[in-house]
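**Q** here is a sequence together with a model predicted from it:
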Amino acid sequence: MVGADLVVLNAGQLLTVSGQSRPRAGRAMRDLGIIEDGYFASLEGVIVDAGPQREFERRVEPLPGATVIDAKGGVVSPGFVDPHTHLVFAGWRAGEFAMRIEGRTYLEIHKAGGGINSTVESTRASDEPTLLSRALERLDECLKWGTTTVEVKSGYGLDTGNELKCLRVVSKAAQVHPAGVVGTFMGLHAVPPEFAGNADGYVDLIVNEMLPAVQQQGVARFADVFCEKGVFTPGQSRRVLVEAGRRGMRAKVHADELAPSGGAELAAEVGAISAEHLMMASDRGLEAMRGAGCVAVLLPGTPFFLGGHAYAPARRMIDMGLPVALGTDFNPGSCTLQVMPVAMTIACTQMRMTPEECFTAATVNAACATGIGDRVGRIERGMAADAVVFDAGDYREIPYRFAANLATCVIKSGRVVARDGVPCWSADGRA
Ligand code: NIG
Ligand code: FE
């Protein structure tokens, strides 16, 4: 018998995705560890038991005042982990969206000083409290669709003061908001205007000034770079990632998003935890990633939103045994999507990932790509009690009924944080 302060009962399908804290590859991505008519129980935010409903009474003792959630035959899955967002920024770029529809490309707009640098201008002009309140609103939007952990990259400050400002916003959001928030330093996102024509000078600034400051303030767990033809070379990216590694930040790479650029190869070489996007990655790069144990984070909302772009070869990756995770890439330029189930829908229809593979990719594999696979992403004893109750009898309805929010109850660390699409948490811890 175990005591519990939260129990979720009568899950028609309890997707445990249990078994290993390593990322899943190949056929294993299809195994969701489903318990038909199941329950799980947690104590102080940690799962203490999960099993078939008929065993509940002899295994679990709800403590006085325990929260009891009746899933009423619905699907219960681990909370989604979004392993790739650029959520701290000011201003939108609807004008560029319209320009792309008229035929301009993302890189043309970027090179003409629009794109990332237009967001840099508005983010630099924005103060910390304003950026924080926007970040909290955006995290709420993630939460109500079932995302309970979010990786957040900096990269719209591009000077030491402004990068630190954005990373402080990430850290404060992590303290205030119930979602798990993992910070990534992405100073190598674009060449800022004051370094126009001198990308190497900007790399020097990152290596000599920004990385030491980020390390000193302890505001980022990872470092990411935009390794892309026309943006930063593998050589420039390598310099930043190697120095970041020396300073305790593990590498992530925006790799081969728009053109084959050597990003996947670089990710493997520097021992990155993940390479992300990979729409144009070479077979050699993918092989190298597999050998290096690097997770492929795929962001199908981006080619969908940019239009006219190829999708990452997810089928080939899965069939060759490369673990695949899914994320949104939420940002004001290349993808404004925040909703993991919609990323799953696009992954199904455009990349031919199965619904089972999508759930694995959006839970355990995304957690592994974020460095938290040992505590998040599965419904299993010892894991954080992060879960979503859906008003659906079959888990395949979640990608299938696209853009319908079927999440009726979102639980983070054993606390109900959203109900029927409405966040219901308060900063003092009372749900
Ligand atoms: O992942 N590629 C670089 N970063 C983002 C886009 C950022 C922006 O356009 O503001 C991405 O696509
Ligand atoms: Fe991105």
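**A** Looks like it came in fine. Numbers count the residues shown, from 1 in each chain. Ligands and ions are numbered 1, 2, ... in the order given.

**Q** when you work out contacts or count neighbours from here on, use the C-alpha atoms and nothing else.
**A** OK.

**Q** got phi/psi on the residue of the stretch 51-200 of the chain at minimum distance from ligand 1?
**A** Using Cα to the nearest ligand atom, the closest approach of the stretch 51-200 of the chain to ligand 1 is made by Ile116 at 4.2 Å. Dihedral angles of Ile116 (phi, psi; degrees, to the nearest 10) stand at phi -50, psi -40.

**Q** number of residues surrounding it?
**A** By other Cα atoms under 10 Å, the residues close to Ile116 number 22.

**Q** mind listing what it touches?
**A** Ile116 is in contact with His110, Tyr156, His189, Ala190, Gly333, counting by Cα atoms under 8 Å, 6 or more residues apart in numbering.

**Q** contact partners for Met280?
**A** For Met280, counting by Cα under 8 Å, 6+ apart, the contacting residues are Asp256, Glu257, Leu258, Ala259, Pro260, Ala310, Ala312.

**Q** hang on, I meant Lys412
**A** By Cα under 8 Å, 6+ apart, the contact list for Lys412 reads Gly45, Gly79, Thr148, Pro178, Ala179, Ala384, Ala385, Asp386, Ala387.

**Q** tally of neighbours for the second one?
**A** Here the count is done by other Cα under 10 Å, and Gly79 has 29 residues near it.

**Q** that older thread, can you check the pLDDT for the residue of the stretch 51-200 of the chain closest to ligand 1?
**A** At Ile116, the model reports a pLDDT of 95.

**Q** can you check Ala112 too?
**A** Ala112 is given a pLDDT of 83.

**Q** Three-state assignment for Gly377, please.
**A** Using DSSP: H, G, I helix; E, B strand; the rest coil, the structure places Gly377 in coil.

**Q** near ligand 1, which residues of the protein?
**A** Applying Cα under 6 Å from any ligand atom, we find that the chain lies next to ligand 1 at Gly115, Ile116, Phe226, Asp329, Asn331, Pro332, Gly333, Ser334.

**Q** most neighbours among the residues you listed, please name it.
**A** Busiest of the residues of the chain next to ligand 1 [other Cα under 10 Å] is Asp329, holding 30 neighbours.

**Q** and the gap between that residue and Arg238?
**A** As judged by Cα to Cα, to the nearest Å, Asp329 and Arg238 stand 22 Å apart.

**Q** check this protein for the residue nearest ligand 1 and tell me.
**A** Checked against ligand 1 (Cα to the nearest ligand atom), the nearest residue in the chain is Gly333, 3.5 Å away.

**Q** how about that residue, secondary structure?
**A** coil.

**Q** pull the contacting residues for it.
**A** Counting by Cα under 8 Å, 6+ apart, Gly333 has contacts Trp92, Arg93, Glu96, Phe97, Gly115, Ile116.

**Q** please name the nearest non-neighbouring residue to the fifth one.
**A** If I follow you right, that is Gly115. Ile109 (5.8 Å; Cα to Cα, 6 or more residues apart in numbering).

**Q** just the first one next, same as before
**A** What sits nearest to Trp92 in space, not counting adjacent residues and going by Cα to Cα, 6+ apart, is Pro332, at 5.4 Å.

**Q** the one you found contacts Phe97, doesn't it?
**A** No - with contact defined as Cα atoms under 8 Å, Pro332 does not reach Phe97; the gap is 9.7 Å.

**Q** export the contacts of Ile116 to a markdown table and append columns for secondary structure.
**A** Below are the contacts of Ile116 laid out as a markdown table (three-state DSSP):
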| residue | secondary structure |
| --- | --- |
| His110 | helix |
| Tyr156 | coil |
| His189 | coil |
| Ala190 | coil |
| Gly333 | coil |
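
**Q** quick one: which of those has the most company?
**A** Of those, with other Cα under 10 Å as the count, Tyr156 tops at 28 neighbours.

**Q** and the closest residue to that one other than its chain neighbours, how far from Asp329?
**A** Among residues not flanking Tyr156 along the chain, Val120 sits closest, at 4.5 Å (Cα to Cα, 6+ apart). According to Cα to Cα, Val120 stands 17 Å off from Asp329.

**Q** rounded mean pLDDT for stretch 75-82, please.
**A** Regarding stretch 75-82, the rounded mean pLDDT is 98.

**Q** apologies, that question was intended for stretch 251-258.
**A** 97.

**Q** and the contacts of it?
**A** By Cα under 8 Å, 6+ apart, the surrounding residues in contact with stretch 251-258 are 222-229, 241, 244-245, 261-264, 267, 270-281, 309.

**Q** repeat that with 6 Å
**A** Residues from elsewhere that reach stretch 251-258, judged by Cα atoms under 6 Å, 6 or more residues apart in numbering: 222-227, 241, 263-264, 272-281.

**Q** and for stretch 334-354?
**A** Cys142, Pro300, Gly301, Thr302, Phe305, Ala314, Thr328, Phe330, Cys358, Pro399, Phe402, Ala403.

**Q** can we see that at 8 Å?
**A** The contact list for stretch 334-354, computed with Cα under 8 Å, 6+ apart, reads 30, 80, 82, 106, 141-142, 145-147, 299-302, 304-306, 311-315, 326-331, 355, 358-359, 362, 398-400, 402-403.

**Q** what is the neighbour count of Ile69?
**A** Using other Cα under 10 Å, Ile69 has 16 neighbouring residues.

**Q** I should have written Gly271 there, sorry.
**A** 18.

**Q** next, the contact list for the closest residue to it other than its chain neighbours, please.
**A** What sits nearest to Gly271 in space, not counting adjacent residues and going by Cα to Cα, 6+ apart, is Ala292, at 6.4 Å. By Cα under 8 Å, 6+ apart, the contact list for Ala292 reads Ala268, Glu269, Gly271.

**Q** helices of the stretch 51-200 of the chain, start to end?
**A** Here the stretch 51-200 of the chain has its helices, by DSSP state H, counting those that start in this stretch, at 56-59, 94-101, 106-111, 116-124, 128-144, 160-176, 199-205.

**Q** secondary structure class for Trp276?
**A** No Trp there; residue 276 is Glu. Going by three-state DSSP: Glu276 is strand.

**Q** now do the contacts for the residue nearest to it when sequence neighbours are not counted.
**A** Nearest non-adjacent residue to Glu276, counting by Cα to Cα, 6+ apart: Val297, 4.5 Å away. Residues in contact with Val297 (Cα under 8 Å, 6+ apart) are 83-84, 274-278, 324-327, 366, 369.

**Q** any weak-confidence spans in this protein?
**A** Low-confidence segments of the chain (pLDDT under 70): 429-431.

**Q** longest strand in it, please.
**A** Longest strand of the chain, by residue count under DSSP state E: strand 2-15.

**Q** test my guess that Gly183 contacts Thr149.
**A** No - using Cα under 8 Å, Gly183 and Thr149 do not qualify as a contacting pair, with a distance of 11.1 Å.

**Q** coming back round to it: residues near the residue nearest to Tyr156, how many?
**A** The number of residues packed near Val120 is 24, by other Cα under 10 Å.
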